[in-house]
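Asks: Quick check, what structure comes out for this input:
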Amino acid sequence: MTESRSYRGQSVGDRRRLRRARFLDSGLQLFGTQGYAGTSIPAVCKHAALSSRQFYEVFADREDLLKALYDETQDAAMAAVSGAIAVELEKQSTLEEMFGAGITAFVMYYADSPQRIRVSFIEVVGVSPGFEAHRRERRLQWASLLAAVSERGAQQGMDVTASDPLAWAAYLGAVNAAIVEHSEDASTTVDDVMRVMRRMLRPGVLG
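Replies: Presented below is the predicted three-dimensional model:
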């Protein structure tokens, strides 16, 4: 069977991508409500209205689904932050305005989905040594993005201390904790989260 073969106007590749999207959506809903440990592959298949054979055509196992879902949310959040910062760069905004826009984009991406928060910051913790290594790689990507923004600010003559990779790692951990606190405590508002994140940046990480 080749990519060009079609069924009801859909190619093999298109059908595979659609099934993958359905499994990801079901994974988000179930991992984000019942938890990763409490969700079986049969449960995901039932929710997606697909078979276990179709599941294994696109994912190696349950952890592979979680990893794909984690990467999808991380990629979307990073795209939102990068886009918001790019707009401020075009406007030649201050460093605080650039980071402020990025922080707002990050928080708002997660704020409207408790499932995204649970999957991205709770259910992925301690899954396996391999997954922990993958999470660290993703954190390093975030740290690189934030360090690049601060470096751009320094090039524009803004008052920024030298980027410290450990400080960025600590900041990212604190950000994750703040997002989770918002999802679990109704009295913690989105504005509270953004206020704390800005305060940790300056005078925290940026000096």
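Asks: Can you list the buried residues in stretch 48-64?
Replies: 48, 50, 54-55, 58-59, 62 (16 or more other CB atoms under 10 Å). Every C-beta, even on glycine, is put in place using the N, C-alpha and C of the backbone.
Asks: Report the separation between the two terminal residues of that stretch.
Replies: 16 Å (CA to CA, to the nearest Å).
Asks: How far off centre is it?
Replies: The chain centre lies 22 Å from the centre of stretch 48-64; the measure is CA atoms, centre = their mean, to the nearest Å.
Asks: Stretch 30-44 now?
Replies: Here stretch 30-44 is found 19 Å from its chain centre; the criterion is CA atoms, centre = their mean.
Asks: Could you pull out the buried residues of it?
Replies: By 16+ other CB under 10 Å, the buried positions in stretch 30-44 come out as 30-32, 36, 39, 44.
Asks: Repeat that for stretch 117-131.
Replies: Within stretch 117-131, the residues that qualify as buried are 117-124, 127, 131, counting by 16+ other CB under 10 Å.
Asks: Of all the residues in the longest helix seen in the chain, which ones are buried?
Replies: Secondary structure of the chain per DSSP state H: the longest helix is helix 62-90. Within helix 62-90, the residues scored as buried using 16+ other CB under 10 Å are 62, 65-70, 72-74, 77-78, 80-81, 84-85, 88-89.
Asks: cool, and stretch 173-181?
Replies: Buried, per 16+ other CB under 10 Å, within stretch 173-181: 175-176, 178-180.
Asks: picking that back up, which residues are in contact with the next helix or strand along the chain from the longest helix of the chain?
Replies: Note on helix 62-90: by DSSP states H and E, the next helix or strand toward the C-terminus is helix 95-111. Here helix 95-111 makes contact (CB atoms under 8 Å, 6 or more residues apart in numbering) with 76-77, 80-85, 87-89, 91, 93, 116-117, 120, 146, 149-150, 152-153, 156, 158, 160, 175, 179, 182-183, 190, 193-194, 197-198, 201-202, 206.
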